[in-house]
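Colleague: sequence and predicted structure below; questions after.
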Amino acid sequence: MKEGFSKLTKSEKIEWVINNFFNSADFDKKILKKYWSNDAEIQKIHDEFAENTITNFFLPLGIAPNFIIDNKNFTIPMAIEESSVVAAACKSAKFWSKRGGFKTEILNILKSGQVHFKYNGDKKKLFKFFKKIKQKVITDCSEIVKNMHERGGGILNIDIIDKTSEIKNYYQLSSEFNTVDSMGANFINSCLEQFAKTLQTEFLESDLFNENEELDIVMSILSNYVPNCIVKAEVSCSLNDLKNADITDPKKFAQKFVDAIEIAKKDIGRAVTHNKGIMNGIDSVVIATGNDFRAVEASAHAYASKDGQYSSLTHAKIEKDNFTYWIEIPLAVGSIGGITNLHPMVIWSLKLLKNPNGKELMKIIAVAGLAQNFAAIRSLITSGIQLGHMKMHLINILNSLSANSSEKKVLVEYFKKNKVSFRSAEKALKKLRKDELNF
Ligand code: MEV
């Protein structure tokens, strides 16, 4: 057991971890330092984001141009390690830019949070008591909501909910919030903790209850499930307009596309993979813009199960001669607050997106998800996924085989006409090194 670890200096922490867990001390220590920024100011920002930081963990930041969203042109930043994701986004952006682009709509922007508490007395008394103190619960938060009010948001409502049929003596104060351009987690949690304080104090001071009646706060926390913070993004065109080099029979393509989505609606095995592909696009923009991808993931998957079965987050239909394809997804994200004005690459990414407000950012992220899903289904129902995937993954394979840059150049050319696999790359590299590679 290491006591007081967080109080050690950064160098002391590194010494400790290297001495205790690594044999090749020199290499393993150097690699940590190689990932430090040369710019002390930038490094300090990263050191201070989280406890016990000893180095940085890089992800590639790629950009996907040519996104037409509500008639405006965007280049979208994407932080992701998976080789084919940015390429797929670019391909979809280009495809739909020639077919009217993406159209978006914010359906609502409410977030919620709860004070979870236990009360062992007469239900009617509790509800009467809450009615009496409701206004005080809200006004006790006035300092916390001041800034949010100025920005046009705040606490929208607060209610007491009887949950005793699920858990004995269990109730909630449940509240909805508008956090405008911020994700709002700190704001909501601060309000909820104040609600809990007022509830507890007022309960103790109230003469409605006898000494056997107790009210115990269990916890106060926002809900990351945001089914009332939904954005929709859509594309549509005539069936004939779907025609492209790889879509020679657009009617058949559209029908297969709708079938693929239908399968993801009904089969959980497919639905999870289908939605994972959507999250490739969503998470990479969420990360690049400094938002909480764990919250977005948790909420998206819960929303995908809202009708009692885990299902596709995207939808498609053919009506007469028209193909329409859309996503509806909960996105609790912000363009202010959190690390959005601290992380230099987040600031840069938001600038690239023309400093969107919260709603605009929701729209852009939903489009990235839809575009990603379009690219995946398009490949799956035409060439298959591995062709593009392995082409993009080729450089990773060659790097893991320690190919040098001139070897990589030759092999990338070679694999334009040959099937990529780890084995085939290994073989080709061996042949190249023996000067036996013919193509
Ligand atoms: C891979 O990261 C994502 C896909 O599997 C998504 C899908 O199957 O729809 C290609």
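Modeller: Everything's here; your move.

Colleague: tell me what residue 216 is bridged to.
Modeller: Note on residue 216: beta-bridge partners residue 118, judged by DSSP bridges.

Colleague: quick one: contacts for it?
Modeller: By Cβ atoms under 8 Å, 6 or more residues apart in numbering, residue 216 lies in contact with 117, 118, 119. Where C-beta positions appear, they are placed from N, C-alpha and C, glycine not excepted.

Colleague: so the last one makes contact with residue 218?
Modeller: No - with contact taken as Cβ atoms under 8 Å, residue 119 and residue 218 are classed as non-touching, separated by 10.8 Å.

Colleague: in terms of neighbours, single out the busier of these two.
Modeller: Higher neighbour count among residue 119 and residue 218: residue 119, with 22 against 15, using other Cβ atoms under 10 Å.

Colleague: what about the closest residue to that one other than its chain neighbours, neighbour count?
Modeller: Nearest non-adjacent residue to residue 119, counting by Cβ to Cβ, 6 or more residues apart in numbering: residue 215, 4.7 Å away. Neighbour count of residue 215, defined by other Cβ under 10 Å: 20.

Colleague: now the helices for the stretch 101-250 of the chain?
Modeller: Taking DSSP state H, counting those that start in this stretch, the helices of the stretch 101-250 of the chain run over residues 123-139, 142-150, 185-205, 250-266.

Colleague: quick check, residue 184 in contact with residue 337.
Modeller: Yes - at 7.3 Å, residue 184 and residue 337 qualify as touching, with contact defined as Cβ under 8 Å.

Colleague: more neighbours: the two, which one.
Modeller: Between residue 184 and residue 337, counting by other Cβ under 10 Å, residue 184 is the more crowded of the two (26 against 19).

Colleague: so how far is the ligand from the more buried one?
Modeller: According to Cβ to the nearest ligand atom, to the nearest Å, residue 184 and the ligand sit 30 Å apart.

Colleague: and the gap between that residue and residue 302?
Modeller: As judged by Cβ to Cβ, to the nearest Å, residue 184 and residue 302 stand 18 Å apart.

Colleague: and residue 365, by the same measure?
Modeller: 17 Å.

Colleague: looking at the two, which one has more neighbours?
Modeller: Legend: neighbour count by other Cβ under 10 Å for residue 365 and residue 302, higher for residue 365 (28 against 16).

Colleague: which element is the more buried one on?
Modeller: Here residue 365, judged by DSSP states H and E, is contained in helix 358-380.

Colleague: can I get that helix in CSV, CA atoms only?
Modeller: Extracted in CSV, the C-alpha atoms of helix 358-380 (Å, rounded to 0.1, in the frame of the first residue of the first chain):
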residue,chain,number,x,y,z
GLY,A,358,-24.5,24.1,-27.6
LYS,A,359,-27.3,23.4,-30.1
GLU,A,360,-25.1,23.8,-33.1
LEU,A,361,-22.5,21.4,-31.6
MET,A,362,-25.2,18.8,-31.0
LYS,A,363,-26.2,19.1,-34.7
ILE,A,364,-22.6,18.7,-35.9
ILE,A,365,-22.0,15.7,-33.7
ALA,A,366,-25.2,14.0,-34.8
VAL,A,367,-24.2,14.5,-38.4
ALA,A,368,-20.8,12.9,-37.8
GLY,A,369,-22.7,9.8,-36.3
LEU,A,370,-25.1,9.6,-39.3
ALA,A,371,-22.2,10.0,-41.8
GLN,A,372,-20.2,7.2,-40.1
ASN,A,373,-23.2,4.8,-40.1
PHE,A,374,-23.9,5.6,-43.8
ALA,A,375,-20.3,4.8,-44.7
ALA,A,376,-20.4,1.5,-42.8
ILE,A,377,-23.7,0.3,-44.3
ARG,A,378,-22.7,1.5,-47.7
SER,A,379,-19.5,-0.7,-47.5
LEU,A,380,-21.3,-3.6,-45.8
